[in-house]
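1. Got a predicted structure plus its sequence, pasted below:
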Amino acid sequence: MYVPLVHVKEDESFENAMRRFKRKCEKSGILSELKKRQHYEKPSAKRKRKMIQARKKMLRKLSEERRATP
């Protein structure tokens, strides 16, 4: 399990260190994993969500390819 660590610099304020920590947590996916585990998700709902995510990913990839090729 990955735990995000933030080393506070000497001249850094607490708010900046906290902001960096929150950003690291967000990038590592801890918050989304926590939200997923809060409630039981039916297998059919999980499949549907994954299908929607795959469709969005494919459409995003296609749009990037269209933008890249003139």
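-> Sure, I can see it. Numbering: from 1, shown residues only.
2. Distance-wise, check the residue nearest to residue 2 when sequence neighbours are not counted relative to residue 49.
-> Nearest non-adjacent residue to residue 2, counting by CB to CB, 6 or more residues apart in numbering: residue 28, 5.9 Å away. Where you see a C-beta, it was placed from the backbone N, CA and C, and this is true even at glycine. To residue 49, residue 28 is 20 Å away according to CB to CB, to the nearest Å.
3. Repeat that for residue 69.
-> Using CB to CB, residue 69 is found at 31 Å from residue 49.
4. Show me which of these two is the more surrounded one.
-> Per other CB atoms under 10 Å, whichever of residue 69 and residue 49 has more neighbours is residue 49, with 12 against 6.
5. Tell me the first helix or strand C-terminal of the lowest-mean-pLDDT helix or strand in the chain.
-> Lowest by mean pLDDT, DSSP states H and E among the helices and strands of the chain is helix 30-38, with a mean of 86. With elements assigned by DSSP states H and E, the helix or strand that comes after helix 30-38 is helix 43-68.
6. what angle do that next one and helix 30-38 make?
-> If you take axes from the mean of the first three to the mean of the last three CA atoms, to 10 degrees, helix 43-68 sits at 150 degrees to helix 30-38.
7. And helix 43-68, what does it pack against?
-> With contacts defined as 3 or more CB pairs under 8 Å, 6 or more residues apart in numbering; DSSP states H and E, helix 43-68 has no helix or strand neighbours.
8. Based on its surroundings, how many neighbours for residue 28?
-> Neighbour tally, residue 28, other CB under 10 Å: 13.
9. Point out where this structure drops to low pLDDT.
-> 1, 70 (pLDDT under 70).
10. how about residue 25, what does it touch?
-> Going by CB atoms under 8 Å, 6 or more residues apart in numbering, residue 25 touches 4, 31.
11. Could you grab the helix/strand/coil label for it?
-> Secondary structure assignment for residue 25 (DSSP: H, G, I helix; E, B strand; the rest coil): helix.
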